[in-house]
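S.K.: Pasting the sequence and the predicted coordinates here, then a few questions.
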Amino acid sequence: MQAALDYSPEVRRLESALRAKDYEIRSHQAERLPRLDLVAQYSVLGRYNNYEDFFRKFQRHNGQIGFAFQIPAFRSAASLAREAQSAADAARLRIELERARRQTVVETRRLWRQVGEAEGAREVARLDLEVARQQLSLLLAQFEEGRASLRQVEEARVAESEKWVAFWDRQYALERAQLDLLRATGQLGAVLR
């Protein structure tokens, strides 16, 4: 079950979206904390503006660096609304994530049950084939002794052929169910290597 939950693209997508929403909520909550920003500006001034004529000290390459410090006194209503909206979105994502997990578990259990049913059907088909082969062997022995007709032997061969077809159909259904289960749990790549 855990492998299917870990591999499920829907569950992984929702977990990632929920993690992003949690970070968004934390960023909205951090708006009430003091903030320190590094501010830098650089400019190259042109000579055609005649700054040299108007300013005593002119430098063509001009740069400034500093800090901006902000202390919020009140949180704005927009900030509170954004935080509340993010919290509502996170709650919705948690519900969707739980639904996706339950759906993945149900689907994995269904695939396990399908594999079990396919194994049982293949075993029944194999036993049915064994009975048909034994009946054919018995009819061939009776034909050798002259107690069975050629028609009975041919009918037994046709029945055996049908049992082989049924057996291989059940074998195919089992392999298909196993591949579906491996694909759902993400182990198909490891098996094919």
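M.R.: Alright, I've got the coordinates. Residues are numbered from 1 along each chain as shown.
S.K.: Check the protein for its longest helix and report it.
M.R.: Longest helix of the chain, by residue count under DSSP state H: helix 77-145.
S.K.: Return the distance of it from the chain's centre.
M.R.: Using CA atoms, centre = their mean, to the nearest Å, the mean C-alpha position of helix 77-145 is found 16 Å from that of the whole chain.
S.K.: Any idea how far whichever helix or strand comes after it is from the middle of the chain?
M.R.: Going down the chain from helix 77-145, the next helix or strand is helix 150-185, by DSSP states H and E. Taking CA atoms, centre = their mean, one finds helix 150-185 lying 33 Å from the centre of the chain it belongs to.
S.K.: May I see the buried residues of helix 150-185?
M.R.: Across helix 150-185, burial judged by 16 or more other CB atoms under 10 Å covers 156, 159-160, 163, 166-167, 170, 173-174, 177-178, 180-182, 184-185. Placement of C-beta: from N, CA and C, glycine included.
S.K.: Next up, the contacts around the nearest residue in space to Gln171 that is not next to it in sequence.
M.R.: Once flanking residues are discounted, Gln171 sits nearest to Arg122: 5.7 Å by CB to CB, 6 or more residues apart in numbering. Contacts of Arg122 were listed using CB atoms under 8 Å, 6 or more residues apart in numbering, and they are Phe167, Arg170, Gln171, Ala173, Leu174.
S.K.: Pairing partners for Ala68 in the sheet, please.
M.R.: When bridges are called by DSSP bridges, Ala68 pairs up with Asp37.
S.K.: what sits up against stretch 99-113?
M.R.: Contacts for stretch 99-113 (CB under 8 Å, 6+ apart): Met1, Ala4, Leu5, Ser8, Glu10, Val11, Leu14, Ala177, Asp180, Leu181, Ala184, Thr185.
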